[in-house]
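Engineer: Need the 3D shape of this:
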Amino acid sequence: MTNLSLKPYITEEQIQAKVKELGETLSKKFKNEKVVAVCVLKGSFMFYSDLIRNINADITCEFFGVASYHGGTSSSGEVKVTLDLASPVENCHVILVEDIIDTGLTMNYLKNAILSRKPKSLTTVSLLEKPDALKVKCEIDHVGFKIPNDFVVGYGLDYQGYYRNLPYIAQVQNFQ
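Structural biologist: Model (predicted):
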């Protein structure tokens with residue numbers, strides 16, 4: 001395991017309060033509707049599992065695996081699909097759940113991939129967004145927290161596969 005110097009940035013309590021708020025918003029939007037919630041692997045798995053438990057709607061779960069960091073500390077901009085959806089989403093309401101919007105390239109790729117499958121609607125949700133890191137315009141329907149362009153780990157976000165299990169988000173102070 002790496003020995004990064006971490007500074008707590010967003011507490012577990014702040015995350016859970018925001019997840020509950022987002023869940024209530026999405027529950028109102030999709031009341032009495034069938035919804036396909038798409039988890040973007042790997043980073044959003046914790047946010048996704050907490051979020052869908054706070055959405056009061058008929059939800060089926062799908063998983064879309066992509067990689068764009070390739071072990072580094074910023075998105076390479078090259079999106080590699082590691083797992084495609086198992087079921088069609090045509091004529092379905094889709095909630096696309098991402099952990100972080102960095103350059104915007106990955107989310108735009110995912111939005112285009114979902115929209116090409118002709119859903120009834122597409123709603124995008126991200127726990128974090130780094131507005132200063134955007135390389136392209138990327139519109140997100142719901143964002144939990146806007147953060148500076150710092151490298152963060154925890155709550156599903158990793159560095160070389162580690163730190164995903166932290167219940168909070170931490171800012172990396174230095175790389176050793």
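Engineer: which residues touch the top helix by length along the chain?
Structural biologist: When the chain is parsed with DSSP state H, its longest helix is helix 12-29. Under the criterion C-beta atoms under 8 Å, 6 or more residues apart in numbering, residues 47, 50-51, 53-57, 95, 123, 125, 127, 142, 144-145, 155, 167-169 lie in contact with helix 12-29. In short, each C-beta sits where N, CA and C put it, glycine included.
Engineer: Just after that helix, pick out the following helix or strand.
Structural biologist: Using DSSP states H and E, the helix or strand that follows helix 12-29 towards the C-terminus is strand 34-41.
Engineer: The following helix or strand past that next one relative to strand 34-41, how many degrees between them?
Structural biologist: The helix or strand immediately downstream of strand 34-41 is helix 45-52, counting by DSSP H and E. Inter-element angle recorded for helix 45-52 and strand 34-41: 160 degrees (by axes from the mean of the first three to the mean of the last three C-alpha atoms, to 10 degrees).
Engineer: just checking, next helix/strand downstream of helix 45-52?
Structural biologist: strand 58-67.
Engineer: thinking again about what came up before, hmm, which of the contacts of helix 12-29 are the buried ones?
Structural biologist: Buried members of these, counted by 16 or more other C-beta atoms under 10 Å: 47, 50-51, 54-55, 57, 95, 123, 125, 127, 142, 144-145, 155, 168-169.
Engineer: Those residues: which two are farthest apart?
Structural biologist: 57 and 168 (27.7 Å; C-beta to C-beta).
Engineer: beta partners of the spatially most central residue of the chain?
Structural biologist: Here the mean C-alpha position of the chain is nearest to the C-alpha of residue 98 (C-alpha atoms, centre = their mean), at a distance of 1.6 Å. Taking DSSP bridges as the rule, residue 98 bridges to residue 126.
Engineer: so what's it scoring on pLDDT?
Structural biologist: pLDDT, residue 98: 97.
Engineer: Now do the contacts for it.
Structural biologist: In this structure, residue 98 makes contact with 40, 43-44, 106-107, 110, 124-127, judged by C-beta under 8 Å, 6+ apart.
Engineer: can you redo those as JSON lines with distance to residue 32 and pLDDT?
Structural biologist: Shown next, in JSON lines, are these (distance: C-beta to C-beta, whole Å; pLDDT from 0 to 100):
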{"residue": "40", "distance to residue 32": "26", "pLDDT": "96"}
{"residue": "43", "distance to residue 32": "31", "pLDDT": "93"}
{"residue": "44", "distance to residue 32": "26", "pLDDT": "96"}
{"residue": "106", "distance to residue 32": "32", "pLDDT": "91"}
{"residue": "107", "distance to residue 32": "28", "pLDDT": "93"}
{"residue": "110", "distance to residue 32": "27", "pLDDT": "95"}
{"residue": "124", "distance to residue 32": "22", "pLDDT": "98"}
{"residue": "125", "distance to residue 32": "20", "pLDDT": "98"}
{"residue": "126", "distance to residue 32": "26", "pLDDT": "98"}
{"residue": "127", "distance to residue 32": "26", "pLDDT": "98"}
